[in-house]
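> Pasting the sequence and the predicted model now:
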Amino acid sequence: RNSKNEPTVAYHRPIYSYVNAQDEIDILMNLGRRYFLFYLNASLIEGVSDVSEDSAVLADYLENEVHPYYDWIEPEFVTGTQAVIPFHLPVFVSDPIDVGTATDNSSPLSW
């Protein structure tokens with residue numbers, strides 16, 4: 001939940017997370033057409049000292065600061081520089097799931 005005590009969302013879609021023992025957080029986000037699975041190191045996010053107590057700070061960060069093009073694609077492939085960010089490149093990116101298409105019809109999600 002974010003600082004407004006609402007479910008954490010990006011692009012009007014929920015964000016799913018799992019915290020492991022090393023304060024690394026697995027994140028599953030749908031950013032429109034695709035799902036992205038990545039992990040972040042919570043200790044590198046400003047304002048986070050304890051993941052369980054600072055979950056609203058993490059939620060706000062994910063809602064407002066993460067953008068796949070500007071955070072992953074542009075630094076790595078367009079400008080040729082490695083961005084200093086607390087999360088890693090996605091370990092999985094789904095195929096596009098467009099509403100009303102064959103990929104949408106085979107998806108377990110309902111729109």
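Yes, it's here. Numbering: from 1, shown residues only.
> Pull out the buried residues from the longest helix along the chain.
The single longest helix within the chain, with elements called by DSSP state H, is helix 55-65. Residues 55, 57-63 are the ones in helix 55-65 that count as buried (16 or more other CB atoms under 10 Å). In this view, the C-beta of every residue, glycine as well, is placed from N, C-alpha and C.
> Could you list the buried residues of stretch 27-45?
Buried residues in stretch 27-45 (16+ other CB under 10 Å): 27, 29-31, 35-36, 38-40, 42, 45.
> ok, those residues vs Ile15, which is closest?
Met29 (5.2 Å; CB to CB).
> List the residues that contact that closest one.
Neighbour list for Met29: 10, 13, 15-16, 35-36, 38, 62, 66 [criterion: CB atoms under 8 Å, 6 or more residues apart in numbering].
> Which members of the residues you listed are positioned in strands?
Judged by DSSP state E, those include 10, 13, 15-16, 35-36, 38 as members of strands.
> which of the residues you listed sit farthest apart?
Arg13 and Phe38 (15.3 Å).
> quick revisit: is it possible to export the buried residues of helix 55-65 to TSV including distance to Asn2 and pLDDT?
As requested, these are exported to TSV (distance: CB to CB, whole Å; pLDDT from 0 to 100):
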residue	distance to Asn2	pLDDT
Ser55	9	82
Val57	9	85
Leu58	9	83
Ala59	4	86
Asp60	5	87
Tyr61	9	83
Leu62	9	83
Glu63	6	85
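> quick one, phi psi at the nearest residue to Ile15 once chain neighbours are set aside?
What sits nearest to Ile15 in space, not counting adjacent residues and going by CB to CB, 6 or more residues apart in numbering, is Thr8, at 4.5 Å. Backbone torsions of Thr8, given as degrees, to the nearest 10, read phi -80, psi 130.
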